[in-house]
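Visitor: predicted model, plus sequence, below.
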Amino acid sequence: MEPSHIGGLRLTPLAAAGGGADFSIVTHILPDFMQPQQQDNWCWAAVGTSVGVFFQTGAWTQCGTAAGCLPGGLDCCGDPGPCDVYGYLNTSLTYTKSFNQTIQGTYGASDVEAQVNMGWPVCVRVAWNGGGAHFLAMSGYSYPDDDPSAVTLYLQDSIYGDSSMAFGDFPALYNGGGTWTHTYLTQPNA
Amino acid sequence: MPIHTAGAPSPELHALVARHLSNPLAAPQLPPVKRGDVSASEPYPVYVLTLEELEAAEETMAEKTPRVWRHLLVHQGSAVGEVDVTAEEAAPRVVAVHRGPRAPGTARALETAQQSSLLGASDFELRMVEAPAIYLVALWLHAPYDDVLIALDPDKSGLPLYEPTPLEQALPVLRRRAAQVRAAQAAAPGPSGA
């Protein structure tokens, strides 16, 4: 029996409506791999490290990735403060032997589907509305087999965790909303 | 401390959420919705601020309109996820389901609010305020002459987590973080991120 309130908010049980989908689903969802970012500005290090660990290309750590990508021979594990800066995802994915290519702009739903079917997350850069930018990964999709245009996208984010939403709503309605500026294809590189 | 939520844009939101989550692929990372084992909270509005709005927040916060309405999802007494619904009254729809640190963080911040002597017996309206540019994630407890923020995970704005902070004390912290973000972006031109 669920409690009726949480923190003063009234709760109402959700009753499943209609027993779920009555159509076949086409889907592929990669397992959770995204690590929470360990410093305020380390989404680039977190995403690069997480993809590399997922691909098993090495025993990567976020601080090691940051040290390997930033100039100046910084000790990002012993003293992460000076390393807590904006960075570039193509650099961190290259460092973790997980980079394929950068595409300026967006990527189609069917292209994302093809990458995920190979087991390769598609990483993206979102410029938040009104300032700041963030990297995250697309790690799955689903759609009814009679409507391939109704794609649900599965996202992994080093700040916000996992999300699912309609492909067409991303990233305009993703958390604060933003613009999809770059796409980063990944692959394990020996 | 009593809290209340402002009127949701539609009385149908709960049914909308139930219908959306009855599709197991809507949120496969969450416990499946079976009869009565997942509950949704009443919806609360989420406001989003840009860097410019943060820098002039005293003026702009009062004029903001909600971006989405959010329901907290609760399973076996724990907050396990969130559902965002569009704020447009004409045709509300589910736009995202989330599973991450913000759901349990929101529950913990609400408990903090309930127990805080700072908030006393005032009646506050519950809102959420977010600024992705500085990763501000906070409860915004609003009363006619009193606004209090309670930052929660995964906030990285510099506000103390799970401590009620009067808005006038929070704004200098948020503006300082906004200036840091502008400087950090300027130091990494091109397609950088954080």
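Guide: Okay, I see it. Residues are numbered from 1 along each chain as shown, chains lettered A, B, ... in the order given.

Visitor: is the residue most central in space within chain A bridged to anything, and to what?
Guide: Chain A has residue A:137 as the residue nearest its centroid, 2.2 Å off, counting by CA atoms, centre = their mean. Judged by DSSP bridges, the bridge partners of residue A:137 are residue A:123, residue A:156.

Visitor: doesn't residue A:48 make contact with it?
Guide: No. Using CB atoms under 8 Å, residue A:137 makes no contact with residue A:48, being 10.4 Å away. The way it works is simple: take the backbone N, C-alpha and C, and place the C-beta from them, glycine included.

Visitor: got any ranges where the chain has weak pLDDT?
Guide: All of this refers to chain A. Within chain A, the ranges that satisfy pLDDT under 70 run A:1-2, A:16-22.

Visitor: let me rephrase: I mean chain B.
Guide: If you take pLDDT under 70 as the line, chain B has these spans: B:35, B:57-60, B:89.

Visitor: which residue ranges of it form strands?
Guide: Here chain B has its strands, by DSSP state E, at B:3-4, B:38-41, B:44-48, B:68-75, B:78-86, B:94-99, B:124-131, B:136-143, B:146-151, B:164-166.

Visitor: remind me what the third one packs against, helices and strands.
Guide: To tie it back to what came earlier, the one meant is strand B:44-48. strand B:68-75, strand B:124-131 (3 or more CB pairs under 8 Å, 6 or more residues apart in numbering or on different chains; DSSP states H and E).

Visitor: for residue A:144, find the nearest of those strands.
Guide: Closest of the helices and strands packed on strand B:44-48 to residue A:144 is strand B:68-75, at 23.6 Å (criterion: CB to CB).

Visitor: how far does the closest one sit from its chain's centre?
Guide: Strand B:68-75 has its average C-alpha position 10 Å from the chain's average C-alpha position, going by CA atoms, centre = their mean, to the nearest Å.

Visitor: what about the longest helix in chain B?
Guide: Longest helix in chain B by number of residues, with DSSP state H as the criterion: helix B:167-187.

Visitor: that one close to chain A?
Guide: Yes. Against chain A, helix B:167-187 shows contacts by CB under 8 Å from any CB of the partner chain at B:178, B:181-182, B:184-185, B:187.

Visitor: who touches the residue nearest to the centre of chain A in this structure?
Guide: A:33-34, A:47, A:50-51, A:121-124, A:155-157 (CB atoms under 8 Å, 6 or more residues apart in numbering or on different chains).

Visitor: phi, psi of residue 65?
Guide: No chain was given, so I picked chain A. Residue A:65 has phi and psi values of phi -60, psi -40 when expressed as degrees, to the nearest 10.

Visitor: I was after chain B.
Guide: Torsion angles at residue B:65 (phi, psi; degrees, to the nearest 10) stand at phi -110, psi 150.

Visitor: that one against residue B:87, yeah?
Guide: Yes. Shown here, residue B:65 and residue B:87 form a contact pair, counting by CB under 8 Å, at 7.1 Å.

Visitor: give me the more crowded residue out of the two.
Guide: residue B:87 (18 against 7; other CB atoms under 10 Å in any protein chain shown).

Visitor: the longest helix along chain A: how far from the chain's middle?
Guide: Counting by DSSP H, the longest helix found in chain A is helix A:43-55. Distance of helix A:43-55 from the chain centroid (CA atoms, centre = their mean) equals 10 Å.

Visitor: and the gap between the closest residue in space to residue B:146 that isn't next to it in sequence and residue B:116?
Guide: Excluding the flanking residues, the one nearest residue B:146 by CB to CB, 6 or more residues apart in numbering or on different chains is residue B:122, at 6.2 Å. Distance, residue B:122 to residue B:116, using CB to CB, to the nearest Å: 11 Å.

Visitor: cool, residue B:169 as well?
Guide: Distance from residue B:169 to residue B:116, by CB to CB: 14 Å.

Visitor: ok, now residue B:194?
Guide: As judged by CB to CB, residue B:194 and residue B:116 stand 31 Å apart.

Visitor: who has more neighbours, those two?
Guide: The neighbour comparison of residue B:194 against residue B:116 (other CB under 10 Å) goes to residue B:194, with 27 against 16.

Visitor: what sits against the more buried one?
Guide: Residue B:194 neighbours (CB under 8 Å, 6+ apart): A:40-44, A:85-87, A:132-134, B:181, B:184.

Visitor: ok, now with 10 Å
Guide: A:37, A:39-45, A:84-87, A:132-135, A:159, B:133-135, B:156, B:181, B:184-185, B:188 (CB atoms under 10 Å, 6 or more residues apart in numbering or on different chains).

Visitor: what is in contact with residue B:65 and residue B:87 at once?
Guide: Shared contacts of residue B:65 and residue B:87, counting by CB under 10 Å, 6+ apart, come down to residue B:45.

Visitor: dihedrals phi and psi, the residue lying closest to residue A:51 once chain neighbours are set aside?
Guide: Once flanking residues are discounted, residue A:51 sits nearest to residue A:98: 4.5 Å by CB to CB, 6+ apart. Residue A:98 adopts backbone torsions of phi -130, psi 10, taken as degrees, to the nearest 10.
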